[in-house]
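*Asks:* Kindly generate the corresponding structure for this input.
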Amino acid sequence: MMRTLEKTSNQIYELLFINFILVFIVILSVVFVVNFCDVSFYSALFVYIPVMLLFFFLANKNIYYGLVILVAIVPIQPLFSMFISQYIDMMGAKVLVSIKESMVFVLLVIACTKNYYKVKLISVDYFLIIFFIIYSIAFVLSDAPLFVRLVSYREGAMIVMIYFLGRYSNLQLKELKLLMLSMFLVASGVLAFGFVERFLVGESFWGYVGALLYMELKFGVDNPGAWVMGGVPSQWYSYIGDVPYRRMVSSIGDAPTLSRYLAFSMLLSIVCYSVIISDKVGKIFIKYVVSTLFFLAMLFSIGRGGLLIALVGIMFFNFKYNKDMIFYIGLLILIFLVYMSVSGYIYSPVLSRHVAGLLGGMQSLLHDPFGIGLGTSGQMAVLYGEQKTGLVEESYVGSLAIQIGFSGVISYVVFMVALIRYLSNTIKFVGGNAVGLISRFSSAFMFGVFLTSFLANSSISPIVIINVLLVSGSIITIREKVEHKYVQLQKK
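*Replies:* Sure, this is the predicted structure:
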């Protein structure tokens, strides 16, 4: 028992030390920007370059270090960008927003360089490659403005890069467990900050931080994303009946994305807690106390999408493997429906927009079966394109249908179904050990993401999918190695 606690403590100290180094270099960069740099675009570069150099050094030394930094930086990047928004311009804001994409790309290059011949591709990988090829062709052939095409291309490219980063990182099971622990710890920090910013410091804190200026730089002054309500961005408010309610946004600065991000750790703390901690008391605390806090945070964010992902994930996890949980699943469904009714979502025009986005995309296939090009619809086109009306914004699958046509939708669906099926069937090959449990957990969360992507574009945003795709890709590689060893033993 003492040996286990000591081992866990050492792992946590290692994680804290790695992130301390990154935070220290970021603080030095910001101090330099504030005191010495007058040109706003170069201000962003003076932050971006030192961070990326340090990141490359640590990641090249150990890919695991890079992954830990990546999962830590992704949910806090918006808050960090807000702090220095008064020293940068719109282009500088875009540079800082691109830090997570740059980190993923750098890590993928390092991982492929070191482990390219150690990883054998499977059918799931080929399905994703086909999707990426189709996506790239739509980018080249599109008539949309180049910048809008690029930001739209990022959505699909991040799915591909994050998944293959998980595959080619070639982590050992011990390293994957520790990575999942770091994901949980980072999410717990985001959770704690969410309660602080929502109930303790008030709206004046966000004015000091620079949230409004950051939204203006990110979306443009005239964009709805930069509109003001109650001293904060108007999108931070929702209505329960006719009463406005300020949603919890935490360091992410976006309530729907926060809800979906926390859903991963909520599901982890309920069905996969034994992977990240071995202490009996710790297991009970995580399963019942921490999971409840995640659930409450998702309620305070009014994040129906995140709650739906978590609910669907719990249903998928238990219905497939534990038929005795049907009563509790029914109770969860009832609670969710009551919450949706109380929040007015079922009767609101928001739900209609989500459904209309999906139906509009499907209808477009009748007259444009090959799509009309990347960047012609979807959330990025609405935010950054010149046309603001008549575009599908809320449904990822619907916007995919308009932009890429049948081939895009089919390749996306085939990949997601193949991935979920492969993960859920892992237990048949490796049994109920840690590999099987992590695979079941990943398949359950991916199933929730897949279903909600039919109605919401933010379901596949990098902040939402980064944890689950890294875990999914890594556990597939681990399963492949386990099966290979088993085959070798059988031959002997």
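*Asks:* low-scoring pLDDT stretches of this protein, where are they?
*Replies:* Residue ranges of the chain with pLDDT under 70: 1-47, 89-90, 92-93, 219-227, 241, 319-354, 356, 378-393, 429-432, 484-492.
*Asks:* can we see that at 50?
*Replies:* 1-2, 4-6, 24-25, 27-39, 346-347, 388-390 (pLDDT under 50).
*Asks:* show me where the stretch 101-250 of the chain has helices.
*Replies:* Counting by DSSP state H, counting those that start in this stretch, the stretch 101-250 of the chain has helices at residues 123-141, 146-168, 173-196, 203-209, 211-219.
*Asks:* what packs against the fourth one?
*Replies:* When you say that, I think you mean helix 203-209. helix 77-83, strand 232-233 (3 or more CB pairs under 8 Å, 6 or more residues apart in numbering; DSSP states H and E). From N, CA and C alone the C-beta is placed, and that goes for glycine too.
*Asks:* same check, this time on the longest one
*Replies:* Counting contacts by 3+ CB pairs under 8 Å, 6+ apart, helix 173-196 packs against helix 2-36, helix 63-73, helix 255-271, helix 273-276, helix 291-300, helix 434-452, helix 462-491.
*Asks:* wait, what's in contact with Pro369?
*Replies:* By CB atoms under 8 Å, 6 or more residues apart in numbering, Pro369 lies in contact with Gly405, Phe406.
*Asks:* Among the helices and strands packed on helix 203-209, which comes closest to Ser259?
*Replies:* Closest to Ser259 of these, according to CB to CB: helix 77-83, at 14.8 Å.
*Asks:* How far away from the center of its chain is the closest one?
*Replies:* 17 Å (CA atoms, centre = their mean, to the nearest Å).
*Asks:* for it, packing partners?
*Replies:* Helix 77-83 packs on helix 90-97, helix 203-209, helix 211-219, going by 3+ CB pairs under 8 Å, 6+ apart.
*Asks:* out of these, deepest packed?
*Replies:* A comparison of the helices and strands packed on helix 77-83 by mean neighbour count, using mean count of other CB atoms under 10 Å, puts helix 211-219 on top with a mean of 22.
*Asks:* which residues touch the closest residue to Leu176 other than its chain neighbours?
*Replies:* Nearest residue to Leu176 in three dimensions, chain neighbours excluded: Ser474, at 4.9 Å (CB to CB, 6 or more residues apart in numbering). Residues near Ser474 by CB under 8 Å, 6+ apart: Gly166, Arg167, Ser169, Leu171, Leu176, Leu179.
*Asks:* any chance of the residues you listed in TSV, with distance to Tyr65 and neighbour count too?
*Replies:* Below are these laid out as TSV (distance: CB to CB, whole Å; neighbours: other CB atoms under 10 Å):
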residue	distance to Tyr65	neighbour count
Gly166	16	28
Arg167	18	29
Ser169	11	26
Leu171	12	25
Leu176	14	24
Leu179	10	24
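*Asks:* The residue nearest in space to the middle of the chain - nearest residue in space that isn't next to it in sequence?
*Replies:* The geometric centre of the chain, computed from its C-alpha atoms, lies nearest to Val464 (CA atoms, centre = their mean), at 1.8 Å. Leaving aside its sequence neighbours, Val464 sits nearest to Arg260 (CB to CB, 6+ apart; 4.3 Å).
*Asks:* Contact partners for the one you found?
*Replies:* Counted by CB under 8 Å, 6+ apart, Arg260 has contacts Gly303, Gly305, Gly306, Ile309, Val449, Thr452, Ser458, Ser459, Ser461, Ile463, Val464.
*Asks:* so what's the closest residue in space to the fifth one that isn't next to it in sequence up against?
*Replies:* Setting aside the residues directly before and after it, Val449 is nearest to Ser459 in space (CB to CB, 6+ apart), at 5.5 Å. With contacts taken as CB under 8 Å, 6+ apart, Ser459 has the following neighbours: Arg260, Gly305, Ile309, Tyr396, Val449, Thr452, Ser453, Ile465.
*Asks:* helix, strand or coil for Ile284?
*Replies:* Per DSSP: H, G, I helix; E, B strand; the rest coil, the local secondary structure of Ile284 is helix.
*Asks:* Give me the distance between it and Ser453.
*Replies:* Distance of Ile284 to Ser453, computed by CB to CB, to the nearest Å: 34 Å.
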